[in-house]
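In: got a predicted model here, sequence first, then my questions.
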Amino acid sequence: MPGLTVLAVDDELPALDELSYLLERHEAVATVHKASDATEALRVLADHTIEAAFLDISMPGLSGMELAGVLAHYTAPPAIVFVTAHDDRAVEAFDVGAVDYLLKPLRTERLDQAITRILAARAGDDAPADLAAAPAPAATDDVIPVELGGVTSLVRRDAISWVEAVGDYARLHTDTGAHLVRVTLSTLESRWASVGFARVHRSYLVALPMVTGLRSTGASTMVRVRANGASPAVELPVSRRQVRELKDRLVRDPLRTFRSGRTDGPDPGAG
């Protein structure tokens, strides 16, 4: 399997050397180019085909975040991974399409995860046949950066039971609490439909593995959703036009057993 050609960008020489060293040691990386600022990075990108760029955020001149914005307009943009000492920019980083967000000092296992995600992203595009065969990380490994009190943490997608629309934001509900993120429900619907989430109402998106059943009362239908085994289950309204599709997905969606290990509760096809 051909190795990755990557670019490491950091204005601090010790940090750049450390990042380059760790990348060069990785079995999936073939070539590492280095740049100490965004201007030098753009020169490297003009001369070489770069498949992934590891960017520091705080740099003089064009910041890493601004550089990522420039790269996003390339015909074949490299995968972006931010490597930074700042833990308060994760939401912004994922907004510009970053594959991962690593905090300094770097840990080898987190760098391994980032490279695995880069390989998975390449396999999902026009990757060579041998690379496309490389195993992608499980969908349950995906994380969402959330901020609370100035602290950024990562919420695993498979810990989310349901999502509530709050204007241009979305509130993620898990068994440990609710987290507000700057993304619309429609965006999450399009991104997560293939990994077991279904839009049941204009205001709600539910994780199918967390559904325990449906309850009909007259013209209304409610879907019961558990929070990773917590009780009691929450009941959310289902739009009339969504009822049939929801029932069909509950019956056929393989992720119900993949993510929850069981499909307890009443038969989802029951009225």
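Out: Structure received.

In: the helices in the chain, which residues?
Out: 13-25, 38-47, 64-71, 90-95, 108-124, 129-132, 185-192, 240-252, 255-260 (DSSP state H).

In: weakest of those helices by average pLDDT?
Out: Note on the helices of the chain: helix 129-132 shows the lowest mean pLDDT, a mean of 31.

In: now the helices of the chain as JSON lines including distance to Leu208?
Out: The way it works is simple: take the backbone N, C-alpha and C, and place the C-beta from them, glycine included. Below are the helices of the chain laid out as JSON lines (distance: least, Cβ to Cβ, whole Å):
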{"stretch": "helix 13-25", "distance to Leu208": "38"}
{"stretch": "helix 38-47", "distance to Leu208": "41"}
{"stretch": "helix 64-71", "distance to Leu208": "33"}
{"stretch": "helix 90-95", "distance to Leu208": "24"}
{"stretch": "helix 108-124", "distance to Leu208": "22"}
{"stretch": "helix 129-132", "distance to Leu208": "27"}
{"stretch": "helix 185-192", "distance to Leu208": "10"}
{"stretch": "helix 240-252", "distance to Leu208": "6"}
{"stretch": "helix 255-260", "distance to Leu208": "5"}
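
In: please identify the most buried of those.
Out: helix 64-71 (a mean of 20; mean count of other Cβ atoms under 10 Å).

In: who are the packing partners of that helix?
Out: helix 38-47, strand 52-55, strand 79-84, helix 90-95 (3 or more Cβ pairs under 8 Å, 6 or more residues apart in numbering; DSSP states H and E).

In: mind putting the ones you listed in a markdown table, distance to Asp248 included?
Out: As requested, the helices and strands packed on helix 64-71 are arranged in a markdown table below (distance: least, Cβ to Cβ, whole Å):
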| stretch | distance to Asp248 |
| --- | --- |
| helix 38-47 | 46 |
| strand 52-55 | 39 |
| strand 79-84 | 35 |
| helix 90-95 | 32 |
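
In: for Leu23, what are its contacts?
Out: For Leu23, the contacting residues are 6, 8, 29, 32, 54, 111, by Cβ atoms under 8 Å, 6 or more residues apart in numbering.

In: low-confidence ranges in the stretch 51-200 of the chain?
Out: For the stretch 51-200 of the chain, the stretches with pLDDT under 70 are 124-142, 147-153.

In: repeat the analysis, applying 80 as the threshold.
Out: Within the stretch 51-200 of the chain, the segments meeting pLDDT under 80 span 86-96, 121-154, 168, 175-176, 182.

In: which one is Leu185 nearest to, not counting chain neighbours?
Out: Of all residues not flanking Leu185 in the chain, Ala165 sits nearest, at 4.0 Å (Cβ to Cβ, 6 or more residues apart in numbering).

In: what's the answer for Glu24, then?
Out: Val32 is the one closest to Glu24 (Cβ to Cβ, 6+ apart), at 5.1 Å.

In: related to what we said a few turns ago, looking at the helices of the chain, which is closest to Ala207?
Out: If you check each of the helices of the chain against Ala207 by Cβ to Cβ, helix 255-260 wins as the nearest, at 7.4 Å.

In: still on that earlier bit, for Leu102, which of the helices and strands packed on helix 64-71 is the nearest?
Out: strand 79-84 (4.7 Å).

In: ok, and what's touching the closest one?
Out: Taking Cβ under 8 Å, 6+ apart as the rule, strand 79-84 contacts 10, 15, 19, 51-58, 64-65, 68, 71, 89, 93, 96-104, 106, 114, 117-118, 121-122.

In: mind redoing it with 7 Å?
Out: 19, 51-58, 64, 68, 71, 93, 97-104, 106, 114, 118, 121 (Cβ atoms under 7 Å, 6 or more residues apart in numbering).

In: tilt between that strand and helix 13-25?
Out: 140 degrees (axes from the mean of the first three to the mean of the last three Cα atoms, to 10 degrees).

In: residue contacts, the residue nearest to Glu24?
Out: Taking Cβ under 7 Å, 6+ apart, one finds 6, 8, 20, 23-24 in contact with Val32.

In: please apply the same query to Ser203.
Out: Applying Cβ under 7 Å, 6+ apart, the residues near Ser203 are 164-165.
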